[in-house]
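Engineer: Next comes the sequence, and after it the predicted model I'd like to discuss.
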Amino acid sequence: MAASSSPPIMVNSCTGKMGHATAEAVVRAGLQLVPVSFTGASEAVAVGNVGVSGIPVELVHPDERQSAMQNLKAQYPGLVLIDFTLPSVVNDNVAFYARNGIPFVVGTTGGDREQLMQDARAGNSYAVIAPQMGKQVVAFQATLELMAQQFPGAFAGYKLEVTESHQRQKADTSGTAKAVIASIAKLGAPISEDDIVKVRDASTQTERLGVPEEHLGGHAFHTYRLTSGDGDVEFVFQHNVCGRSIYAEGTVDAALFLAKKVAEGSEQRIFDMIDVLKAGAMR
Ligand SMILES: NC(=O)C1=CN([C@@H]2O[C@H](COP(=O)(O)OP(=O)(O)OC[C@H]3O[C@@H](n4cnc5c(N)ncnc54)[C@H](OP(=O)(O)O)[C@@H]3O)[C@@H](O)[C@H]2O)C=CC1
Ligand SMILES: O=C(O)C1=N[C@H](C(=O)O)C[C@H](O)C1
């Protein structure tokens with residue numbers, strides 16, 4: 001494997017909101033953005049390319065991606081892929097990356113997560129896979145997980161209520177919320193993923209949750225409320241994010257971390273963002 005502390009980075013898809021923000025963060029970090037991006041079959045492809053910080057990035061239709069991949073592997077040794085696509089295509093993409101033996105970072109949520117992990121493992125892939133890339137939110141997740149390990153059942157008998165609010169177009173239930181309830185379940189207050197309340201309408205977002213009008217198109221407001229059986233005690237954990245730069249910066253950290261792991265020939269090959277944070281690899 002090519003050793004690289006400064007790997008060429010390809011972002012799929014630069015036509016999407018997170019993909020574009022991440023590609024911009026790659027450029028901001030002074031790293032080499034591969035000027036090619038796999039994208040969906042929508043009309044965006046008709047445009048042929050998309051500009052990222054003034055760099056024209058060629059768009060590749062799913063039908064063309066295998067032949068493009070051959071060229072990219074030859075042209076960009078040490079390549080790291082980043083995937084911010086859609087829950088409906090993430091499994092197919094991960095299987096494709098794994099088949100091609102390229103290290104990858106997956107921020108895309110949803111899809112069949114068990115299958116996704118299975119495909120990454122079957123390909124013996126180097127990968128960072130996480131539903132949340134924002135450093136401080138990852139630290140919160142890590143803290144909850146530590147609390148669950150140290151004090152399992154500490155919240156037994158408590159009732160958990162979870163609300164997540166995102167931009168109208170978000171198809172799936174928050175992957176972060178799903179991960180957080182898995183930790184809270186170990187603390188003794190389990191709920192089903194179906195019980196997570198999804199808010200997607202603008203009036204509830206602005207009037208009830210306080211989402212600023214200008215961030216209706218890009219926000220992630222999460223509230224986890226734990227109430228004791230008798231109603232006398234309440235804990236509320238909340239993280240409210242406007243915009244996408246917190247995730248884009250964290251994703252660049254993940255790509256650099258992964259390139260280092262490849263260069264070291266690390267035995268562990270699959271990581272999450274808690275691993276990246278613990279390694280002190282988040283700026
Ligand atoms: N881990 C984290 O920290 C974060 C994760 N996310 C997750 O990232 C994902 C993307 O979110 P967001 O950017 O808002 O979504 P968008 O809808 O803005 O972008 C999705 C992009 O995927 C493209 N796409 C569709 N099919 C394919 C394909 N087969 N190959 C490559 N690209 C394809 C679409 O292109 P086209 O229009 O041509 O179909 C579109 O540009 C979601 O799952 C979201 O939950 C978001 C924020 C943070
Ligand atoms: O789609 C988004 O925007 C986000 N998705 C991730 C999730 O599903 O948890 C992370 C963050 O909430 C933003």
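Structural biologist: That came in fine, so what should we check first? Note that the structure is predicted; figures quoted are calculated from it, not measured. Ligands and ions are numbered 1, 2, ... in the order given.
Engineer: buried residues in the helix or strand hosting Val180?
Structural biologist: Element membership for Val180 (DSSP states H and E) is helix 175-186. By neighbour count with 16 or more other CB atoms under 10 Å, helix 175-186 contains the buried residues Gly175, Thr176, Ala177, Lys178, Ala179, Val180, Ile181, Ser183, Ile184, Lys186. Using the backbone N, CA and C atoms, a C-beta is placed for each residue, glycine as well.
Engineer: where does the closest residue to the last one other than its chain neighbours land in three-state SS?
Structural biologist: The spatial neighbour of Lys186 that comes closest, neighbours along the chain excluded (CB to CB, 6 or more residues apart in numbering), is Ala148 at 3.7 Å. Assigned with DSSP: H, G, I helix; E, B strand; the rest coil, Ala148 falls in the helix class.
Engineer: Also Asp119?
Structural biologist: helix.
Engineer: number of nearby residues for the residue lying closest to it once chain neighbours are set aside?
Structural biologist: Using CB to CB, 6+ apart and skipping the chain neighbours, the partner closest in space to Asp119 is Ala95 (4.6 Å). By other CB atoms under 10 Å, 17 other residues sit near Ala95.
Engineer: repeat for Pro77
Structural biologist: Pro77, neighbours per other CB under 10 Å, totals 12.
Engineer: One more: Val52?
Structural biologist: For Val52, using other CB under 10 Å, the count is 21.
Engineer: Contacts only, for it.
Structural biologist: Neighbour list for Val52: Cys14, His20, Ala23, Glu24, Val27, Leu33 [criterion: CB atoms under 8 Å, 6 or more residues apart in numbering].
Engineer: now do His215
Structural biologist: Shown in contact with His215 (CB under 8 Å, 6+ apart): Cys242, Gly243.
Engineer: Backbone dihedrals for Gly188, please?
Structural biologist: phi 110, psi 10 (degrees, to the nearest 10).
Engineer: Could you do Ser266 as well?
Structural biologist: phi -50, psi 140.
Engineer: which residues does it contact?
Structural biologist: Shown in contact with Ser266 (CB under 8 Å, 6+ apart): Tyr126.
Engineer: With the one 10 residues further on instead?
Structural biologist: Contacts here follow CB under 8 Å, 6+ apart; on that basis Val276 touches Val128, Val138, Gly250, Asp253, Ala254, Phe257, Met282.
Engineer: what comes into contact with the helix holding Val180?
Structural biologist: 109-110, 131-132, 137, 141, 144-145, 147-149, 152, 155, 160, 162, 164, 190-191, 193, 196, 220, 222, 224, 226, 237.
Engineer: List only buried entries from these.
Structural biologist: For these, buried by 16+ other CB under 10 Å: 109-110, 131-132, 137, 141, 144-145, 147-148, 155, 160, 162, 164, 196, 220, 222, 224, 226.
Engineer: among the residues you listed, which are in reach of ligand 2?
Structural biologist: When contact is defined as CB under 6 Å from any ligand atom, the buried ones among the contacts of helix 175-186 meet ligand 2 at Thr109, Pro131, Gln132, Ala220.
Engineer: hang on, the third one packs against Leu277?
Structural biologist: It refers to Gln132. No. Counting by CB atoms under 8 Å, Gln132 stays clear of Leu277, with 10.7 Å between them.
Engineer: what's the overlap in contacts for the two?
Structural biologist: Val138.
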